[in-house]
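Participant: Need coordinates for the below:
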Amino acid sequence: MKKIKVAIVGVGNCASALIQGIQYYTSPTSSTIGLMRPLIGQYSPSDIEVTAAFDIDARKVGKEVSDALFCPPNCCAHIVKELPKTGVIVRMGPILDGFSPHMKDYPEQQTFKLSSEREPGMEDVVSALKESEAEIMLNYLPVGSQSATHFYAECALRAGLGFVNNIPVFIASDKSWANRFKTSGLPIVGDDIKSQIGATIVHRVLTDLFVKRGVKIDNTYQLNVGGNTDFLNMINRERLQSKKISKTEAVKAVATDQLDNDKIHVGPSDHVAWLKDNKICFIRMDGRIFGNIPINLELRLSVEDSPNSAGVGIDAIRCCKLALDKGIGGVLEGPSAYFMKRPPHQFTDDEAFKLTEAFILEHASGR
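Facilitator: Residues are numbered from 1 along each chain as shown. Next up, the predicted model:
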């Protein structure tokens, strides 16, 4: 059976959860618990194979991927006891804006230890991608990595790879980038991955519930805290702009124009080191029901952050592969709306689900 060959940019917690999950669901004794779709077309999670990886941390660069995934500052839960060797060595990537200067003030166990290896140029990365025979690039760079994301998106175009953009730097929802991928016949799924049961999807569902039940929403907030490098990186508020846009628009899109900007607050809030990869979300919704009577809802959600996104990532990869098989370029509208917070076009989750199912049904036949 043909593998789906992927290149990973950023060998952090999310990459760790994804690759561990692929191994977990490869085991003949494992169940399908936690998978949204055991099969997409004829592709199972075990068909995904990492053939290239890039990072900037000295503790990961030069190491075999299966070892690098468990190096600090990674703190993802161990889904499997061990990973088989892949023979894939983590390569040095360009630093650019993939590292926020404020993170130098924290202990190495919590943040990056920048590698002193020579930073590669675009030709180096493109050559490595072609050599690896990767078909799809997964962007797991830190939030706020605008220049670095543009660099790797350009590399994907030049090397002929599809692109799954898991972070809130806008590629799929930027017309110029989207058109370039479409012209090149390369698919994009983006931008900014939703978790399986995460803060944004839960907030969207509750907002949709209020609207459909005739409740006038007056105010709402979503506050998130966690202890991984993602939350530490986002202490720098300048790196948060696109993240806040992505998360806020994802909720407002299902509120049918009920919420002005000053009535909604959505965004990462703080870093609590001892939480590690656990993310805690607090949602509050104030509204009015029948007779203009007030209603207030408060919710607390606690979940391991990186595995929560990995199941969605596995589906995004496989949808991207279906598009590659069929020669479809540009933004995959249904999968982007269903898997991502900031697609080019927002739909309700029910609509996005139906569009994704229709996409899979239409393009799943044959390899």
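Participant: Okay, strands next: where are they in the protein?
Facilitator: In the chain, the segments counted as strands under DSSP state E are 4-9, 48-55, 91-92, 136-139, 162-165, 187-189, 216-226, 264-271, 278-289, 293-304, 330-331.
Participant: Now do the fourth one: which elements does it pack against?
Facilitator: What it means is strand 136-139. Applying 3 or more Cβ pairs under 8 Å, 6 or more residues apart in numbering; DSSP states H and E, we find strand 136-139 packed against strand 4-9, helix 146-159, strand 162-165, helix 305-326. (Glycine included, C-beta is placed from N, CA and C.)
Participant: Make TSV out of these and add distance to C71.
Facilitator: Listed next are the helices and strands packed on strand 136-139 as TSV, based on distance: least, Cβ to Cβ, whole Å:
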stretch	distance to C71
strand 4-9	14
helix 146-159	20
strand 162-165	23
helix 305-326	15
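Participant: I figured V61 was touching R91, is that so?
Facilitator: Yes - the pair V61 and R91 qualifies as a contact (Cβ atoms under 8 Å) at a distance of 7.0 Å.
Participant: Find residues that contact each of these two.
Facilitator: Taking Cβ atoms under 8 Å, 6 or more residues apart in numbering as the criterion, V61 and R91 both touch D55.
Participant: ok, back up a step: mind checking the helices and strands packed on strand 136-139 for the one nearest to T220?
Facilitator: Closest to T220 of the helices and strands packed on strand 136-139, according to Cβ to Cβ: helix 305-326, at 21.3 Å.
Participant: As CSV, could you dump the C-alpha coordinates of the closest one?
Facilitator: The C-alpha trace of helix 305-326 is given here as CSV (Å, rounded to 0.1, in the frame of the first residue of the first chain):
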residue,chain,number,x,y,z
ASP,A,305,-3.5,20.0,24.1
SER,A,306,-1.4,18.3,21.5
PRO,A,307,-3.2,14.9,21.2
ASN,A,308,-6.4,17.0,20.9
SER,A,309,-5.2,18.4,17.6
ALA,A,310,-3.5,15.3,16.3
GLY,A,311,-6.7,13.4,15.3
VAL,A,312,-7.8,16.4,13.3
GLY,A,313,-4.3,16.6,11.7
ILE,A,314,-4.5,13.0,10.6
ASP,A,315,-7.7,13.7,8.7
ALA,A,316,-6.4,16.9,7.2
ILE,A,317,-3.4,15.0,5.8
ARG,A,318,-5.5,12.3,4.3
CYS,A,319,-7.9,14.8,2.6
CYS,A,320,-4.9,16.7,1.2
LYS,A,321,-3.6,13.4,-0.2
LEU,A,322,-7.0,12.7,-1.9
ALA,A,323,-6.7,16.0,-3.6
LEU,A,324,-3.1,15.3,-4.7
ASP,A,325,-4.2,12.0,-6.1
LYS,A,326,-6.9,13.8,-8.2
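Participant: Thank you kindly, that will do.
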